[in-house]
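Novice: Sequence isn't available, so here's the structure alone:
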């Protein structure tokens, strides 16, 4: 969301279950009111979304973005099944999308989730959201992106899903595959950096000479 803010977006609501993550988020988003940074379980949050964002404002939400934990898809875990209880949080993320019906969805996850990526796409593309006489649906694409290609001094691969609402595609001609193509184009020619580049101005740390 920090990247979105840097591009002119305004965060309406943020959620995490870990207090330390909330503190970091508040530090990076001092403009966001404290009551809009919610510490808690997303499974409970989706039941009471109207308490945090007025229903009338849902139509103005352009993007829902996040990275629901999916430990069952980690590379360290050999049992990669879609119904692993540790993976259910992404389904609540999808539920939040169903409630809010944003124009765009960006979901980040571990590379190991690639094993069931098509099933996740199916979950999104099965959504049919009724808003008055309109029925919204989504088209979804996914790709592995590496932070190294964005001039970050770290090789970090992540699976990124981008979903675009049907009316946005019809009216604006924007498809998720077009967004990924644009990302690829903007990364061409980017400089690559290594850890030494990130740490070059940090003073050397000398070993202590005093016993204990």
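Specialist: Okay, I see it. None of these values were measured; they are calculated from a predicted model. Numbering: from 1, shown residues only.
Novice: List the beta-bridge partners for the residue positioned nearest the centre of the chain.
Specialist: For the chain, the residue nearest the mean C-alpha position is residue 66 (2.6 Å; C-alpha atoms, centre = their mean). Beta-bridge partners for residue 66, by DSSP bridges, are residue 107.
Novice: what's it in contact with, if anything?
Specialist: Residue 66 sits next to 15, 93, 106, 107, 108 when contact means C-beta atoms under 8 Å, 6 or more residues apart in numbering. (Glycine included, C-beta is placed from N, CA and C.)
Novice: do the same with residue 177
Specialist: Contacts for residue 177 (C-beta under 8 Å, 6+ apart) come out as residue 141.
Novice: what about it, which SS state?
Specialist: For residue 177, the secondary-structure state derived from DSSP: H, G, I helix; E, B strand; the rest coil is helix.
Novice: Leaving out chain neighbours, which residue sits closest to residue 69?
Specialist: residue 89 (5.6 Å; C-beta to C-beta, 6 or more residues apart in numbering).
Novice: and the one you found, what are its phi and psi?
Specialist: phi -60, psi -30 (degrees, to the nearest 10).
Novice: now it: how far from residue 206?
Specialist: If you measure residue 89 against residue 206 using C-beta to C-beta, to the nearest Å, the figure is 44 Å.
Novice: Between these two, tell me which one has more neighbours.
Specialist: Legend: neighbour count by other C-beta atoms under 10 Å for residue 89 and residue 206, higher for residue 89 (19 against 6).
Novice: quick one on the thing from earlier: out of the contacts of residue 66, which are buried?
Specialist: 15, 93, 106, 107 (16 or more other C-beta atoms under 10 Å).
Novice: of those, closest to residue 35?
Specialist: Taking C-beta to C-beta as the measure, residue 35 lies nearest residue 15 of those, at 12.1 Å.
Novice: chain center to stretch 126-139: distance?
Specialist: 21 Å (C-alpha atoms, centre = their mean, to the nearest Å).
Novice: What of stretch 176-191?
Specialist: Centroid separation for stretch 176-191 versus its chain: 18 Å, with C-alpha atoms, centre = their mean.
Novice: Looking at it now, give me its mean pLDDT.
Specialist: Across stretch 176-191, pLDDT averages out at 96.
Novice: any idea where the helices of the protein begin and end?
Specialist: Here the chain has its helices, by DSSP state H, at 2-6, 19-28, 42-45, 55-58, 89-100, 117-125, 166-172, 176-187, 195-199.
Novice: Of the ones you listed, which is nearest residue 131?
Specialist: For residue 131, the closest of the helices of the chain is helix 55-58, at 9.0 Å, according to C-beta to C-beta.
Novice: Check which residues of stretch 167-182 are buried.
Specialist: For stretch 167-182, burial by neighbour count (16+ other C-beta under 10 Å) applies to 168, 169, 174, 176, 179, 180.
Novice: Need those residues in TSV (columns: distance to residue 42).
Specialist: Below are the buried residues of stretch 167-182 laid out as TSV (distance: C-beta to C-beta, whole Å):
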residue	distance to residue 42
168	25
169	27
174	27
176	23
179	25
180	26
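Novice: quick one: least confident helix or strand in the chain?
Specialist: Lowest on mean pLDDT, DSSP states H and E among the helices and strands of the chain sits helix 55-58, with a mean of 81.
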